[in-house]
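Engineer: A predicted structure for the sequence below; I have some questions about it.
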Amino acid sequence: MASQAETYVLFELAGATYAMPSSSVQHIEMMEHVTLVPNAHRAIDGVVFSRGQVIPALNLRARFGFPRQERTLRTRVIFAQVQRRVVGMIVDSAREFKNIPAASVRPIEQALTGVSGNYLRGLTTVNDRLILILDLEAVLNLDKDESLATSLSEVIASGAQPTPAALAH
Amino acid sequence: MQKPKLPSANGQSAASTRDSAVTDINSMLLRIGRGLDAQNQSLDDAANVTNRMAASLKETAGQAQSVATATEQIVSSINEMAASAEQMTANVAQVASAAAQTTSSIKSVSGSIQSVTIEAQEMATSAQEVTSAVTEVAASVKRINKDSEDLATSLTQSAASIEEMGRSIQSVSGGADDLTVAAEETSSSMNEMAASIEEVTGMSESLTASVEETATSIEEMARSIQGVAQSAEKITEVAGDAAASATELDRSSRSVNELVKRTEEITRRVSRQADEGGEKIQQSIQGIARVSGAITGTTNVMRELNKRTREISGIVNTIIIIAERTNLLSLNASIEAARAGDAGRGFAVVAEEIRNLADRCAKASADVTEIVRGLEDVTREATEASTAGARLAEESNRQSEAGLAGLKTILAGINESSSLVAQIARASDEQIASVKSVSDAITLTLGQTRQIATGAAEQSRGAGQIVQATAHMRKAAKEVSQATAEQSKAAREVMKAAQSTTAIAGQFRKAMNEQAGASAQIVQAVTTMRQSAASTSRAMAEQATAVEQISRESDRLTGKIGRVTKAMIEQARSAQEVTAAADSLRQQSAQAARAMEEQAKAIKDINTGAGDVAKQIKLITRANLEHSKNGVIILEKIREVSEVSAATAGETRSITASIGTLGDKPSTRDPHPEPPGPSGKRGRRPASAPAEKSSI
């Protein structure tokens, strides 16, 4: 069944629904407090402290070239693990958990790819809802984006101390 | 008559034989004296009577003359008076013929009288002869007595005739009276008529003048009436205009009054409404205050509600947070379950259910949040509205206060104007009353003026007719004036004639009256004469003295007869004049005949009266003839007697004187014997005694 269907965590960003495989997701947290770090990538808002670890918080809107948005009650930070690296991705909201059959996932056509076509793996429709399936690795491809990698590595390397900010779990 | 003196002379001569002779002489003288007394008395009486008779005869003559002249005057006046009386002419002719007859009778009377006179003279001579035949005294006395008896009878006859004449004269006098009365009446009525004609003339002249004046004044009046009529018409017009104006004024006054009343009512209503408005404003101020309070309360409630809502909102937020966390937890649980594989499948289901609950909770919370947000909005709006309402209420309050103040001002103004309007209404009422009275007066004036105008128009018409009539009247008045003037002239002439007629008639009447009186005197005298004759006769029969009386009577009668004769002559002359007058009267009567028919009757009466007069005159003449006859004799005898008496008186005087020389006794007798005369002067006992003796 795993080959036939995969579980995804759905999240929303700038009005569109994205999906990422739940297997990549460690856990999800509410956006509590971001500690700004100097010389960070423009898409990285800062670092967050989660489960004893300091994790870089990547603003996915910024990553995708969307305008930033104020943090709300629904703003979530999805902690995902890619290549042994855990990154917190700030999204508008993340509230659903879906089983999406692989057959329903269709690859993104070249024409539609456009500028950000690199970060999507495909798309699907659930109940006439268009869901974009995120290419997590592309998003977190640090090789291609040195500054990001650096930022991330630096952030990770510095071993940023988890701030004693009150984190409600 | 010398013979009686002789015995006296003889007696005187015999006085030498004194004593006896004196006694005789004295007794004789006494008798002579008595006889003389009686004789004198008788002579006096006779003389008186004769004188009276003569006087009355004279008067008769004069009266006859005046009758003649009066008749002439009457005739002439009748001629003047009666311009056209043919009948009267005939009557006048008859009068004339009667007068002619009278004249002829008078002529014959006068002839008779003349012959009487002659006879009387002859009788005188014969009386002288009688005297000479003293011895035949007795016979003569007898004759005289007889004559005196005849005389008495003739006197009686004469008296009767004279009485008859007197009666006829009376009747003539009565006729003359009637005539006079008629003439006077005629004259007076003529006078009256003339006076009235004069008056009428004067009146008609003044009538003409006054008609002229009246005409002019009527014309003026007509003009002024026309002016009045025009003025009245103008006045009517003006009054009509005035009436119309007054009506209009009345109407407009009424409408003004109505308006004023309506204004008054409106003002009152406005005042009432303003009062009410003031109350309302007060009420609204109070209401606004209450509203303000309520709004304040509402605001407070709203605030409270807001607070609660916010609290709700916080709670909902908490719930939402819990729901979000629950969702997050379930999601993480699902992730973990998915990681666990099959083992975690149940857990995954629970997680999903939890996530669903959380989603529903979140959804409900979102709804609640929505609702609360809407509630918050509403509450906020309500609060804002309340605040605004409170502000508005405050403002309204303020404005209401200002409005109240304004209303109070308005009320004061309304009250003021209301009193003014009431005054105006009162004034308007009074105005209406006065306008009504004015209108009534004008209407009345109009009616009266219309009547006046109608009357004036009628007056004007009538005045025109009056003017026309006045013109006719003027003409007629002129004609009347002319006719009246002519009439007046004629009447004046008639009046003149009537006056002369009246005067003549008056004279005639006077003459007649005198004649009547004279004839009465004649009658009396004749009566006296008769008595005297009777006494003479008696004396003749009884005594010789009667002769003396007869003589005296005759003497007197002679004188009277002479006068009568003279009067007769005059009468004759008068009768001739009467005749002549009658002729002219006849001529004039032809002219006077027609108009004086009534006077003709009187003239007829006069004519008959004149006939009577003529008759009477004839009778008088005849009687006088007889008187003459007798009277001449008597006269002669009386003359003789008188002469004898005178001689006797002279002798008696001498005898007395001689006797006085002889003795004292007779000295008491006879102082101055007076000569007796036919004049009837009183003489005492002269020379009658010899006559007495001789007669006896």
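Structural biologist: Yep, that arrived.
Engineer: what about the closest residue to chain A within chain B, how many residues close to it?
Structural biologist: Nearest residue of chain B to chain A: B:S334, at 4.1 Å (Cβ to the nearest Cβ). Heads up, the C-betas are built off the backbone N, CA and C, glycines and all. Residues lying near B:S334 (other Cβ atoms under 10 Å in any protein chain shown) number 27.
Engineer: ok, now which ones touch it?
Structural biologist: Residues near B:S334 by Cβ atoms under 8 Å, 6 or more residues apart in numbering or on different chains: A:7, A:22, A:97, B:348, B:351-352, B:355.
Engineer: which of these tops the neighbour count?
Structural biologist: Counting neighbours by other Cβ under 10 Å, A:F97 leads the contacts of B:S334 with 26 neighbours.
Engineer: returning to what we had before: can you tell me which of the contacts of B:S334 are in strands?
Structural biologist: The strands in this structure, assigned by DSSP state E, contain A:7, A:97 from the contacts of B:S334.
Engineer: so which strand or helix has the residue of chain B closest to chain A?
Structural biologist: Assigning secondary structure by DSSP states H and E places B:S334 in helix B:137-340.
Engineer: got it, and A:L130?
Structural biologist: Here A:L130 is assigned to strand A:129-134, by DSSP H and E.
Engineer: neighbouring strands for that strand, and are they parallel or not?
Structural biologist: Using DSSP bridges, the strands paired with strand A:129-134 in its sheet are strand A:16-21 (parallel), strand A:120-126 (antiparallel).
Engineer: what is the mean pLDDT for the first one?
Structural biologist: When you say that, I think you mean strand A:16-21. Across strand A:16-21, pLDDT averages out at 92.
Engineer: Okay, buried residues for that strand please.
Structural biologist: A:17-21 (16 or more other Cβ atoms under 10 Å in any protein chain shown).
Engineer: Can you tell me which of the residues you listed is nearest B:E384?
Structural biologist: Minimum distance to B:E384 across the buried residues of strand A:16-21 is 40.4 Å, recorded for A:T17 (Cβ to Cβ).
Engineer: hey, what's that closest one bridged with?
Structural biologist: Applying DSSP bridges to A:T17, the residues it is bridged with are A:E12, A:I131.
Engineer: In this structure it contacts A:R129, no?
Structural biologist: Yes. The criterion here is Cβ atoms under 8 Å, and A:T17 meets it with A:R129 at 6.1 Å.
Engineer: Would you confirm that A:A40 belongs to a strand?
Structural biologist: No. Looking at A:A40 with DSSP: H, G, I helix; E, B strand; the rest coil, it is coil, so not inside a strand.
Engineer: Could you report the neighbour count for A:A62?
Structural biologist: A:A62: 16 neighbours (other Cβ under 10 Å).
Engineer: Helix or strand: which one has it?
Structural biologist: helix A:60-64.
Engineer: For that helix, give the mean pLDDT please.
Structural biologist: 88.
Engineer: Repeat that for stretch B:361-373.
Structural biologist: Mean predicted confidence for stretch B:361-373 is 83.
Engineer: May I see the buried residues of that stretch?
Structural biologist: For stretch B:361-373, by 16+ other Cβ under 10 Å, it's B:361-362, B:365, B:368-369, B:372.
Engineer: nearest to A:G122, of those?
Structural biologist: Nearest to A:G122 among those: B:A362, at 29.6 Å, using Cβ to Cβ.
Engineer: Could you measure from that closest one over to B:S330?
Structural biologist: To B:S330, B:A362 is 11 Å away according to Cβ to Cβ, to the nearest Å.
Engineer: buried stuff in stretch B:276-288?
Structural biologist: B:277-278, B:280-281, B:284-285, B:287-288.
Engineer: For the residues you listed, could you give me JSON lines that also reports distance to B:A294 and pLDDT?
Structural biologist: Output for the buried residues of stretch B:276-288, formatted as JSON lines (distance: Cβ to Cβ, whole Å; pLDDT from 0 to 100):
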{"residue": "B:G277", "distance to B:A294": "24", "pLDDT": "78"}
{"residue": "B:G278", "distance to B:A294": "24", "pLDDT": "78"}
{"residue": "B:K280", "distance to B:A294": "19", "pLDDT": "79"}
{"residue": "B:I281", "distance to B:A294": "19", "pLDDT": "78"}
{"residue": "B:S284", "distance to B:A294": "14", "pLDDT": "77"}
{"residue": "B:I285", "distance to B:A294": "15", "pLDDT": "79"}
{"residue": "B:G287", "distance to B:A294": "10", "pLDDT": "80"}
{"residue": "B:I288", "distance to B:A294": "10", "pLDDT": "77"}
